[in-house]
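> below is the sequence, then the predicted model.
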Amino acid sequence: MTDYDVTSLTERLEQAQLGAVIEERGIVTAIADGLASLSGLRGAGLNEVLEFDGGVRGFVMTIEEAEIKAAFLDRSDAIAAGCTVRRLGHLLSVPVGPEMLGRVIDPLGRALDGLPDPVTSLTLPAERPAPTIIERDFVSKPLETGILVIDALFAIGRGQRELIIGERQTGKTSLAVDAMLAQRGGPVITIYVAIGQRSAAVTRVIETLRSQNAMDRTIVMVADPAGEPGLRWLAPFAATSLAEWFRDQGEDVLIVYDDLTKHAAVHRELALLAQQPPGREAYPGDIFYLHARLLERSGKVRNGGSITALPIAEIEAGNLSAYIPTNLISISDGQIVTSASLFAANQRPAVDVGLSVSRVGGKAQSKALKSVAGRLRLDYAQYLEMKMFARFGGFGDAAQADRMIRGERIAALFIQDRLLHLSTWTQIALLAGLEAGVLDRITPRQINALKTLVATRVDNDPYLADLDAPLTDEIRNLCAQLVAQAAETL
């Protein structure tokens with residue numbers, strides 16, 4: 001035997017665990033739609049990973065006096081009453097690391113894009129405590145979405161939680177994906193979490209991200225509606241742990257939860273199967289705490305990065321006072337409300353300016369943009385009110401007629417094609433041109449073409465550089481002149 005063999009054998013003997021090994025096993029007593037009732041696992045804890053016959057995994061959802069309930073993470077077709085289950089001795093964890101960038105994965109880190117599974121030696125618990133008040137820092141840096149109506153009126157800061165809420169098919173996902181695309185080539189990492197979304201819809205999102213060359217610093221996590229409900233329940237928590245790893249490396253992360261309404265439905269499904277008492281709208285009483293402990297994990301931390309959360313929620317018939325919407329509104333730092341009537345009228349993105357609000361982003365909005373966006377919301381609200389009364393007759397007052405003309409231009413500015421991202425200086429120039437009356441001289445239909453022309457001129461102008469200072473009269477006039485020159489070419 002060579003010296004190498006002796007050394008190797010010695011090391012293996014030193015690492016060997018001698019003595020009895022205790023392994024706790026239990027029995028499956030019942031199976032119901034992705035949830036198993038188990039007996040015999042007295043030492044199991046919440047969120048502990050279990051292994052059933054055939055290597056099928058699950059995790060502990062509820063603990064009762066006589067039994068525990070476990071949700072499956074793998075296909076459970078082969079599991080039946082009488083099968084054995086054993087504790088693995090560790091909490092539910094997810095793989096994390098830079099290897100996840102550019103990949104499409106499931107909540108357990110397994111590849112869904114046809115490539116080999118990402119290989120990483122790092123894991124984090126799916127459920128982690130949110131940063132404490134002492135650990136947090138002020139939200140002071142803007143997250144540019146490239147969408148004028150949002151950046152100007154409802155600015156989002158890095159570390160903010162801004163809910164996107166509206167009826168079905170009103171452009172909620174499009175808003176969130178456009179915000180993700182605006183980060184390409186920049187320092188912000190983006191994560192898209194599809195919770196129970198149709199495969200066709202998820203495929204469109206992935207194709208859009210790839211066609212726009214935005215996948216290099218993006219992660220797509222998919223929990224398929226046909227899969228086990230335990231995976232759909234796990235998805236937002238797993239994605240947040242992944243985002244926290246990047247945040248702790250000093251990175252800024254944007255995470256989109258699409259959507260938490262379906263996540264709430266999965267939690268209700270598992271809770272009812274576990275015979276937890278139902279409350280309002282048949283949701284269990286802990287549904288508020290479920291989403292609170294999820295969204296509280298987002299924020300800006302001291303001497304580190306940030307997690308900006310864009311949770312999406314769906315409402316029916318414009319009912320913002322339903323249980324889940326009111327919960328999420330109270331947890332988040334503001335909401336962007338999409339309107340079915342605006343969407344049908346081709347006012348897209350269909351953002352309801354009256355119901356939307358950002359409670360934090362104004363602190364993070366660049367001073368230059370704030371200089372020209374101060375009165376924008378008020379002027380637009382006055383236009384909408386005047387437009388309502390204009391149906392009964394015209395305005396004899398010239399000042400009122402001028403306000404209507406200005407309001408029509410603001411509405412046209414807020415219409416923005418998908419994948420058209422306007423830089424902050426382009427937005428400032430357009431609003432400066434609006435303020436100077438330049439847009440009053442062109443028709444609303446010409447404004448869409450004007451945006452592209454202004455973007456080209458502004459991006460090539462060396463004088464427009466400092467966003468952290470209020471606009472001087474000189475820069476304001478320069479912006480208005482650039483818009484006027486572009487308008488002349490229409």
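Now that the structure is in, tell me what you want to look at.
> show me where the stretch 301-450 of the chain dips below the pLDDT cut-off.
Scanning the stretch 301-450 of the chain for pLDDT under 70 picks out 390-396.
> where do the strands sit along it?
Ranges of strands in the stretch 301-450 of the chain, per DSSP state E, counting those that start in this stretch, are 306-315, 334-338, 357-358.
> turn those into CSV, columns for distance to Pro277 and mean neighbour count.
Just so you know, the C-beta spots here come from the backbone N, C-alpha and C atoms, and that holds for glycine as well. Output for the strands of the stretch 301-450 of the chain, formatted as CSV (distance: least, C-beta to C-beta, whole Å; neighbours: other C-beta atoms under 10 Å):
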stretch, distance to Pro277, mean neighbour count
strand 306-315, 24, 26
strand 334-338, 30, 25
strand 357-358, 34, 20
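> kindly reformat the ones you listed as a markdown table containing distance to Glu167.
Below are those laid out as a markdown table (distance: least, C-beta to C-beta, whole Å):
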| stretch | distance to Glu167 |
| --- | --- |
| strand 306-315 | 6 |
| strand 334-338 | 7 |
| strand 357-358 | 18 |
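> quick one: which of these is nearest Pro187?
strand 306-315 (10.8 Å; C-beta to C-beta).
> which strands or helices does the closest one pack on?
strand 163-167, helix 172-181, helix 229-248, strand 252-258, helix 260-273, helix 287-295, strand 299-300, helix 323-331 (3 or more C-beta pairs under 8 Å, 6 or more residues apart in numbering; DSSP states H and E).
> can you rerun that using 6 Å?
On a contact count with 3 or more C-beta pairs under 6 Å, 6 or more residues apart in numbering; DSSP states H and E, strand 306-315 meets strand 163-167, strand 252-258, helix 260-273, helix 323-331.
> run through who's touching the longest one.
Spelled out, that is helix 260-273. Contact with helix 260-273 is made by 32, 35, 71, 195-196, 229, 232-233, 236, 283-284, 287, 290, 311, 313-314, 324, as judged by C-beta atoms under 6 Å, 6 or more residues apart in numbering.
> run the last query once more with 7 Å
32-33, 35, 61, 71, 195-196, 229, 232-233, 236, 278, 282-284, 287, 290-291, 311-314, 324, 328 (C-beta atoms under 7 Å, 6 or more residues apart in numbering).
> weed out the non-buried ones from those.
35, 61, 71, 195-196, 229, 232-233, 236, 283-284, 287, 290-291, 311-314, 324, 328 (16 or more other C-beta atoms under 10 Å).
> mean confidence score for the helix or strand in which Leu50 is found?
Taking DSSP states H and E as the definition, Leu50 sits inside strand 48-52. Strand 48-52 comes out with an average pLDDT of 93.
> partners of the helix or strand just after it, with directions?
For strand 48-52, the following helix or strand on the C-terminal side (DSSP H and E) is strand 57-63. Pairing partners of strand 57-63, with direction, according to DSSP bridges: strand 48-52 (antiparallel), strand 68-72 (antiparallel).
> right, so of these, which gets closest to Asp248?
strand 48-52 (23.2 Å).
> contacting residues around that closest one?
So strand 48-52 is contacted by 57-60, 70, 79, 83, 85-88, 90-92 (C-beta under 7 Å, 6+ apart).
> of all those, which two lie farthest apart?
Cys83 and Leu91 (22.7 Å).
> how far away is Ala265 from Phe414?
32 Å (C-beta to C-beta, to the nearest Å).
> could you check which of those two is surrounded by more residues?
Phe414 (23 against 18; other C-beta atoms under 10 Å).
> correct me if wrong: Val94 contacts Gly109.
Yes: using C-beta atoms under 7 Å, Val94 is in contact with Gly109, at 5.9 Å.
> which among the contacts of strand 48-52 end up buried?
Arg57, Gly58, Phe59, Val60, Ala70, Ile79, Cys83, Val85, Arg86, Arg87, Leu91, Leu92.
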